[in-house]
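Asker: Mind folding the following:
(4 chains)
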Number of protein chains: 4
Amino acid sequence: MADGDIVLGPNQYGKAENRLVRITRDTDRHEIEDLNVTSQLRGDFVACHTDGDNSQVVATDTQKNTVYAFAKEHGVHSPEQFLLTLGDHFVTGFEWVTGGRWEAELYSWERIAVDGQPHDHAFVRSGRETRTTVVQRDGDDTWVVSGFKDATVLKSTGSEFHGFPRDRYTTLVETTDRILATSVTVWWRYAAAQNDDWNASYDAIRTVLLETFASVHSLALQQTIFAMGKAVLEQFPEVAEVKLSCPNKHHFLVDLAPFGLDNPNEVFFAADRPYGLIQATVQREGTPDAPEAWATVPGFC
Amino acid sequence: MADGDIVLGPNQYGKAENRLVRITRDTDRHEIEDLNVTSQLRGDFVACHTDGDNSQVVATDTQKNTVYAFAKEHGVHSPEQFLLTLGDHFVTGFEWVTGGRWEAELYSWERIAVDGQPHDHAFVRSGRETRTTVVQRDGDDTWVVSGFKDATVLKSTGSEFHGFPRDRYTTLVETTDRILATSVTVWWRYAAAQNDDWNASYDAIRTVLLETFASVHSLALQQTIFAMGKAVLEQFPEVAEVKLSCPNKHHFLVDLAPFGLDNPNEVFFAADRPYGLIQATVQREGTPDAPEAWATVPGFC
Amino acid sequence: MADGDIVLGPNQYGKAENRLVRITRDTDRHEIEDLNVTSQLRGDFVACHTDGDNSQVVATDTQKNTVYAFAKEHGVHSPEQFLLTLGDHFVTGFEWVTGGRWEAELYSWERIAVDGQPHDHAFVRSGRETRTTVVQRDGDDTWVVSGFKDATVLKSTGSEFHGFPRDRYTTLVETTDRILATSVTVWWRYAAAQNDDWNASYDAIRTVLLETFASVHSLALQQTIFAMGKAVLEQFPEVAEVKLSCPNKHHFLVDLAPFGLDNPNEVFFAADRPYGLIQATVQREGTPDAPEAWATVPGFC
Amino acid sequence: MADGDIVLGPNQYGKAENRLVRITRDTDRHEIEDLNVTSQLRGDFVACHTDGDNSQVVATDTQKNTVYAFAKEHGVHSPEQFLLTLGDHFVTGFEWVTGGRWEAELYSWERIAVDGQPHDHAFVRSGRETRTTVVQRDGDDTWVVSGFKDATVLKSTGSEFHGFPRDRYTTLVETTDRILATSVTVWWRYAAAQNDDWNASYDAIRTVLLETFASVHSLALQQTIFAMGKAVLEQFPEVAEVKLSCPNKHHFLVDLAPFGLDNPNEVFFAADRPYGLIQATVQREGTPDAPEAWATVPGFC
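Answerer: Predicted coordinates:
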């Protein structure tokens, strides 16, 4: 290639959003795993792009089939383990496939209680946050980034915001008591691609994140989310790094004075847009960066 | 007016989707009520439509202000009670307002547990179903229709479908064991516009609906939803009528035979569209219909 | 049945949101029709609801198959004609099916221009409004209600709002120049279930609705939408009745005075929620009502 | 800081999704600009995260105010120019603000035709693709990445897919004639942060992308999108690099054989999920990478 020639740069392709429900029914007490799985391959796919030569293109349909077949052959167990198994298959199975990206969402279900007893095979989707995982491979290097999204949390007091600089365009009034609400999107990078119990790690990290949100007296949403990430790093040596993206979901105190009413932080208008958007990374000093792990995690700094 | 003249027919107007968060903070243990409130008025608004004469148009902005002011003056307590109070205000306050429609969605929150103890003022949105209410007035007549939507439930066994007629266009295979999944939208009409505890009624009816879904061995989704409505009518004399709208969220068993694998109801593809859509009314014989109560309840038979 | 017995009331069932793309390729210049079709049957389905007896349940899968087969056998031509043909098939083909409801959305495509010439078989979705139709049958009675949704229109001047009553909760300032913006949802009931050219009627009615929105100097959104419906009735004798549902999509003038700037109707904040919601019916005096035609048209007064 | 200390890593914050409508009304023929603007700052914000010290936190509310004030003071003209002006203000105005990210979506409107003449101040949203721009600053370095999303295009013939490898999990049948449909998301990086007419560049690039989609006989979606990017680089020296992300929106030929019907590529089922997802970068050989330009462009390889 000569300088200025038009060439293919980074690329990946696959099958997105394979909706997989796996029922384990070895006993009458069924278990349910409900996922949305995306598989994308990287490697030598130049000929397809430049000449339409598909001889190295593992069809996206084949990737889909593999997802469903592996759910039977290997089980799911955890989104992390399932994606690692998929990634290993593609990277070792096709010599021109040198890496890829596998992503999953996991939706949680609860058993319906009948006469106070959890039912054996009837479930209601819990509606709590969506658990997420992105596994990436580049040759023998593997990155596992897990997290969740759409965890909407709110503190009805214990949040202040003041002391910010004022310029020509500043009109915001300072406050020592406001509602703090956000929908937490968080990703944490595991230091290694193995874990005795990915699900236990997830549950424990989630608990620490929510507890920290609740407990920190907040002077800024930045302070809150830094504390959340810091708490995870302090308690979980298996986590190398945490990224949080948190909209500040504004709850505006309604001015009831025109109606002869006071409003001591009781009646709020919950606004849609615009919203504050606070994004931060919490790291361990001296730990090497891992830009490959984060390159395709959506919407982050 | 002469025959053929073009005239105004049924109409209503107001402010939709007022997002209201009401914090009760009489003690350190705060309570949260989170609603989406719509107010619409009916009455004599001909001059506005034909001549742009707004002298009888209670501004939609005024309706919005009233929602927020009433949250302070009267509290919310339950969506039913809140809407009844709003309706009474508008119908009695403006002589040309003869009726209207008030609708609310209620979102539920749980306290975040910190060290196992529910926090005083930190909450996480539960993500379970959205509670809904439509109150309508026409003069002195009042209708209250309550329900919920987006309750996604699934049975991993205990569901069959066979015995249906076969014509030229029928290819469906009969089954004696399938996944049954739906997202329940349900509305029930209360026989009267008063109730000692609207919230207790809601919780109890919800429990019966979910328990019935879980317990009924299903030969058709129609059978399941009829049983759900019937159970409510049997146990709650305050309910006059129930309507259910339930998509049959198909979970297709994946054919793994090409890969040399069997699939004894373990691995499913959860499809988006198309979906079955089953809608039914369950009534008490001899109870008069109430078409006014249902006219503007969205999307129903 | 004795009074008080719990019985099945109005019900319907079928397959919703069958996504159908029909290509006509008799010549090199292809035509595309892109629809979302829902089929629902009514009739005697009591045994299925009460006993799980499916012997009269035309499977929703069969309804889906029929949609696709009919697209080949009969073509689409217009959503109205396609749904009428479907309805006729089900009502005449199964003696216990006495009626039903068939709904379609139609998405419009434009040819991609290449060197200024519309391409033979390459299209771009136009993104303009979604055309809608609901056909209902009850025995030999047929109703056709057509319309569109998601037509977002805006006037940057030529809109006033003043003269409204003021009560304790009124704070809105009067205005003689505001932005008027809405997303038009409109349905018109055809007087008969036949039409030489349903597509031509649609295009002509759409044009009149948009032209009227543009031309009317507005003193209230109510006045604008009544004028829109009236214009349709005046020009199209085949239309019996028009219903419009129009959110008032508020564009608030931003107060730039704190920054030393005036704002003569130039800079606006486009709000999401809440919004005004204006809904009206425009009729011909003396024309009988047709409540069956409107019973399941979503979200209307 | 000692190794292992927990520290703040990359971060940014601001106000997201400021919905701005700018009317130019110097004459009776109004112009409309409709944008969704996000502003995020980067710099020294450590004290806020670690101690809740807001003395350097330019409030997100102030960023919002600046967006609206600048729309009056400077006008919009193009999303690129507007964001560059915003970025310059924040980076030069606060010494601890060293960079940031500004993003906009632009929605297009057409004049409503009345009696064949485009109206002076009445508009209908066109619904075509959403134009997008991300401007980033790091000190004196500036990157401009523009593009669009949600351009849904389809070819009803002129697309093949065959010759792909077959393994144990491959069941896909080869085809020499299929529908090719996608919703194009594309970003191109401008080589410099200045342009005599950003809008003209946008329109011309958009035209080339659509024309190329239409004209290329496709052996794989990869081939099509590479050709689209290549055509842009060949014709627009101001563009340094192009990234495309294109879902393969599957249109499955419906098997009508059970109904005694053939289906020569006429009747298709348009599927939702899963979908192929093809993503590629097209570059000029020898041009340095610009990872900073792409770091926060959502969802890309």
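
Asker: The residue of the stretch 51-200 of chain A found nearest chain D: what's it in contact with?
Answerer: Distances between the stretch 51-200 of chain A and chain D by Cβ to the nearest Cβ are smallest at A:Gly52, namely 2.7 Å. In short, each C-beta sits where N, CA and C put it, glycine included. A:Gly52 is in contact with D:Ser218, D:Leu219, D:Ala220, D:Gln222, D:Gln223, counting by Cβ atoms under 8 Å, 6 or more residues apart in numbering or on different chains.

Asker: Most neighbours among those residues, which one?
Answerer: Within the contacts of A:Gly52, most neighbours by other Cβ atoms under 10 Å in any protein chain shown means D:Gln222, with 29 neighbours.

Asker: just the CA coordinates of the one helix or strand that residue maps to, formatted as CSV?
Answerer: Following DSSP states H and E, the helix or strand that holds D:Gln222 is helix D:221-235. In CSV, the C-alpha atoms belonging to helix D:221-235 read as follows (Å, rounded to 0.1, in the frame of the first residue of the first chain):
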residue,chain,number,x,y,z
LEU,D,221,-22.7,-5.9,3.7
GLN,D,222,-19.1,-5.5,4.6
GLN,D,223,-18.3,-4.9,0.9
THR,D,224,-21.1,-2.3,0.7
ILE,D,225,-20.1,-0.3,3.7
PHE,D,226,-16.4,-0.3,2.7
ALA,D,227,-17.3,1.0,-0.7
MET,D,228,-19.4,3.7,1.0
GLY,D,229,-16.5,4.9,3.2
LYS,D,230,-14.1,4.7,0.3
ALA,D,231,-16.3,6.8,-1.9
VAL,D,232,-16.3,9.5,0.7
LEU,D,233,-12.6,9.5,1.1
GLU,D,234,-12.1,9.6,-2.6
GLN,D,235,-14.3,12.6,-3.1
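
Asker: how close does the residue in the stretch 1-150 of chain A positioned nearest to chain B sit to B:Glu110?
Answerer: In the stretch 1-150 of chain A, the residue that lies nearest chain B is A:Gly127 (2.6 Å; Cβ to the nearest Cβ). For A:Gly127, the distance to B:Glu110 equals 11 Å [Cβ to Cβ, to the nearest Å].

Asker: Write out the residues of the stretch 201-301 of chain A neighbouring chain B.
Answerer: A:210-211, A:213-215, A:251, A:254, A:256, A:258-259, A:261, A:263-272 (Cβ under 8 Å from any Cβ of the partner chain).

Asker: now do 6 Å
Answerer: Residues of the stretch 201-301 of chain A lying near chain B by Cβ under 6 Å from any Cβ of the partner chain: A:210-211, A:214-215, A:251, A:254, A:256, A:259, A:261, A:266-268, A:270.

Asker: So which bits of stretch A:168-177 are buried?
Answerer: By 16 or more other Cβ atoms under 10 Å in any protein chain shown, the buried positions in stretch A:168-177 come out as A:Tyr169, A:Thr170.

Asker: quick one: average confidence on it?
Answerer: The average pLDDT for stretch A:168-177 rounds to 98.

Asker: That stretch: end-to-end distance?
Answerer: Length of stretch A:168-177, first residue to last, Cα to Cα, to the nearest Å: 25 Å.

Asker: same check, this time on stretch A:154-162
Answerer: Stretch A:154-162 end-to-end distance (Cα to Cα) = 19 Å.

Asker: what does that stretch rub up against?
Answerer: Residues outside stretch A:154-162 that contact it (Cβ atoms under 6 Å, 6 or more residues apart in numbering or on different chains) are A:174-181, A:217-219, B:23, B:30, B:121-123.

Asker: Skip the chain neighbours and tell me the closest residue to the residue in the stretch 201-301 of chain A that chain B sits nearest to.
Answerer: Proximity of the stretch 201-301 of chain A to chain B (Cβ to the nearest Cβ) peaks at A:Ala214, 3.4 Å away. In space, and not counting its chain neighbours, A:Ala214 is closest to B:Ala122: 3.4 Å by Cβ to Cβ, 6 or more residues apart in numbering or on different chains.

Asker: ok, so what distance separates the one you found from C:Asp88?
Answerer: 60 Å.

Asker: again, but for A:Ser39
Answerer: Taking Cβ to Cβ, one finds A:Ser39 at 46 Å from C:Asp88.

Asker: Who has more neighbours out of those two?
Answerer: Between A:Ser39 and C:Asp88, counted using other Cβ under 10 Å, A:Ser39 has the larger neighbour count: 29 against 14.

Asker: how about the residues of the stretch 1-150 of chain A near chain D?
Answerer: Residues of the stretch 1-150 of chain A lying near chain D (Cβ under 6 Å from any Cβ): A:1, A:3-7, A:9-13, A:15-18, A:48-49, A:52, A:54-55, A:57, A:59-62, A:64-66, A:69.

Asker: 7 Å instead?
Answerer: A:1-19, A:40, A:45, A:48-50, A:52, A:54-62, A:64-66, A:69 (Cβ under 7 Å from any Cβ of the partner chain).

Asker: List only those of the residues you listed flagged as buried.
Answerer: The neighbour-count criterion (16+ other Cβ under 10 Å) marks A:6-19, A:40, A:45, A:48-50, A:52, A:54, A:56-62, A:64-66, A:69 among the residues of the stretch 1-150 of chain A next to chain D as buried.

Asker: count of neighbours near A:Val232?
Answerer: By other Cβ under 10 Å, neighbour count at A:Val232 equals 23.

Asker: List the contacts of it.
Answerer: Going by Cβ atoms under 7 Å, 6 or more residues apart in numbering or on different chains, A:Val232 touches A:Trp188, A:Ile205, A:Val208, A:Leu209, A:Val239, A:Val242.

Asker: Just these: which are in helices?
Answerer: A:Ile205, A:Val208, A:Leu209 (DSSP state H).

Asker: Now tabulate these in JSON lines and tack on distance to chain D.
Answerer: Listed next are these as JSON lines, based on distance: Cβ to the nearest Cβ, whole Å:
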{"residue": "A:Ile205", "distance to chain D": "15"}
{"residue": "A:Val208", "distance to chain D": "14"}
{"residue": "A:Leu209", "distance to chain D": "15"}
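
Asker: What ranges does chain A have for its strands?
Answerer: Under the criterion DSSP state E, strands of chain A are mapped to A:6-24, A:31-43, A:97-107, A:109-114, A:117-125, A:130-138, A:141-155, A:180-190, A:239-248, A:251-253, A:267-270, A:275-284.

Asker: what's the third one packed up against?
Answerer: Strand A:97-107 is packed against strand A:31-43, helix A:79-93, strand A:130-138, with contacts defined by 3 or more Cβ pairs under 7 Å, 6 or more residues apart in numbering or on different chains; DSSP states H and E.

Asker: one more time with 8 Å
Answerer: strand A:6-24, strand A:31-43, helix A:79-93, strand A:130-138 (3 or more Cβ pairs under 8 Å, 6 or more residues apart in numbering or on different chains; DSSP states H and E).

Asker: Let me see the contact set for the residue nearest to A:Ser108 when sequence neighbours are not counted.
Answerer: Excluding the flanking residues, the one nearest A:Ser108 by Cβ to Cβ, 6+ apart is A:Ser126, at 4.6 Å. Residues counted as contacts of A:Ser126 (Cβ under 8 Å, 6+ apart) are A:Ser108, A:Trp109, A:Glu110, B:Gly127, B:Arg128.

Asker: want to throw those into JSON lines with neighbour count and pLDDT?
Answerer: As requested, those are exported to JSON lines (neighbours: other Cβ atoms under 10 Å in any protein chain shown; pLDDT from 0 to 100):
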{"residue": "A:Ser108", "neighbour count": "16", "pLDDT": "97"}
{"residue": "A:Trp109", "neighbour count": "20", "pLDDT": "98"}
{"residue": "A:Glu110", "neighbour count": "14", "pLDDT": "97"}
{"residue": "B:Gly127", "neighbour count": "21", "pLDDT": "87"}
{"residue": "B:Arg128", "neighbour count": "20", "pLDDT": "90"}
